[in-house]
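S.K.: let's see this in three dimensions:
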Amino acid sequence: MSKVRVAIIGVGNCASSLVQGVFYYKNAREGEFVPGLMHTNLGGINISDIEFSAAFDINKTKVGKDLSEAIFAEPNCTEVFQKDVPHLGVPVQRGMTHDGLGLYLKEIIEKAPGPTDDIVGILKDTNTDVVVNYLPVGSEMATKWYVEQVLDAGCAFVNCIPVFIAREKYWQERFIERGLPVIGDDIKSQVGATILHRVLTNLFLDRGMPIERTYQLNTGGNTDFLNMLERARLDSKKESKTNAVKSQIERKGKHIDDCNIHVGPSDFVPWQKDNKVCYLRIEGKHFGDVPMNLECRLSVEDSPNSAGIVIDAVRIAKLAMNKGISGAIEGPSAYFMKSPPIQFDDNEALRLTEEFIANHSLEKP
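M.R.: Down below sits the predicted model:
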């Protein structure tokens, strides 16, 4: 019951950090502090209980390789903090392309030959519990195609990208019909640009300081930022990141015009590789209507910053499966994701997530 069989869609930098992280912390003792994880033992599921069952990609440099090799293949460029990843016996299968390969990614990625593999059959044959979606931003059709495969295979789904699945009633009902849980949408990093912006926004509002204008500008050098140079693929990402911040203002009964809030990726800087730099500014007024502003700069390695969040998310998805809970898992989605079905403030989302773990633990009598 405690084992979690995880399949990955898209073997990029985020997948690399996830796989590395599972082996980096595989011997973590119960109760040991691990940066980025809620608990080493989460509801009776340890980090070492996560097993990788399948992986899908379209890149010629990755398809056919064992997952342990593919996570280090070009154009992946994230930091290698766990070189010793054992051979997993998990070949990267040929996935579906659809709209997953954008204009700029086509310049650096050569598609592997051959047809799309039998995704449903592979997920069933490998006894996969949870599927993690790491497709490129803007992969609307590809994501929805994969969701159909996940539903047919009877797996839980963790949606790490801003294609809206968990927050949409249609997909919620589809997962409920199949008795399957979904957590999404668009992963919120451990301490990244979005969570920092949300916390500072709530600080201003809780201290009685209205926000007049704010922006968040991000640069990076990985394939995610290269892909988002294609502005048409950026719409859902901007919506997700903007709503993650704007929702906190509206929850406090305040308002900000769309022209006064700008949140989103701004440029691709190749030499930054997987390092993301965020420039954040908030303008407001304090007592006496005297103006003030805050500016800060955040620099993080992008992919490891979200890997621990996914480790927790897949374990909670497994808890939900074990207890027969289906549809969108609201509390954990709000804690882990930028665009959940319901936006809570982060303290409330944390409380709801801890309650979910306590109430559905495998160790609970």
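S.K.: going forward, measure contacts and count neighbours with C-alpha atoms only.
M.R.: Will do.
S.K.: low pLDDT regions in this structure?
M.R.: For the chain, the stretches with pLDDT under 70 are 364-365.
S.K.: Lys285 - that's part of a helix, no?
M.R.: No: under DSSP: H, G, I helix; E, B strand; the rest coil, Lys285 sits outside any helix and is assigned strand.
S.K.: please tell me how far it sits from Met292.
M.R.: Computed with Cα to Cα, to the nearest Å, the distance linking Lys285 and Met292 is 6 Å.
S.K.: which one of these two has more residues nearby?
M.R.: Per other Cα atoms under 10 Å, whichever of Lys285 and Met292 has more neighbours is Lys285, with 16 against 12.
S.K.: do you know how far the more buried one is from Arg213?
M.R.: 10 Å.
S.K.: and if you look at Glu250?
M.R.: Taking Cα to Cα, one finds Glu250 at 14 Å from Arg213.
S.K.: between the two, which has more neighbouring residues?
M.R.: Counted by other Cα under 10 Å, Glu250 and Arg213 do not tie: Arg213 has more neighbours, with 17 against 12.
S.K.: who is that one paired with across the strands?
M.R.: Taking DSSP bridges as the rule, Arg213 bridges to Glu283.
S.K.: was I right to think it contacts Ile261?
M.R.: Yes: the pair Arg213 / Ile261 is scored as a contact, 5.8 Å apart, by Cα atoms under 8 Å.
S.K.: how about Phe52: what's its closest non-neighbour residue?
M.R.: Distances taken as Cα to Cα, 6 or more residues apart in numbering put Val6 closest to Phe52, at 4.8 Å, once the chain neighbours are dropped.
S.K.: tell me, how many residues neighbour that neighbour?
M.R.: 25.
S.K.: just say helix, strand or coil for it.
M.R.: Val6 ends up strand, using three-state DSSP.
S.K.: strands of the stretch 201-350 of the chain, start to end?
M.R.: Applying DSSP state E, counting those that start in this stretch to the stretch 201-350 of the chain gives strands spanning 211-220, 261-268, 275-286, 290-301, 327-328.
S.K.: make a markdown table from the ones you listed and add distance to Arg174 to it.
M.R.: Below are the strands of the stretch 201-350 of the chain laid out as a markdown table (distance: least, Cα to Cα, whole Å):
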| stretch | distance to Arg174 |
| --- | --- |
| strand 211-220 | 35 |
| strand 261-268 | 30 |
| strand 275-286 | 36 |
| strand 290-301 | 36 |
| strand 327-328 | 8 |
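S.K.: count the neighbours of the nearest residue to Val85 once chain neighbours are set aside for me.
M.R.: Nearest residue to Val85, sequence neighbours excluded (Cα to Cα, 6+ apart): Ser68, at 5.9 Å. Using other Cα under 10 Å, Ser68 is surrounded by 21 other residues.
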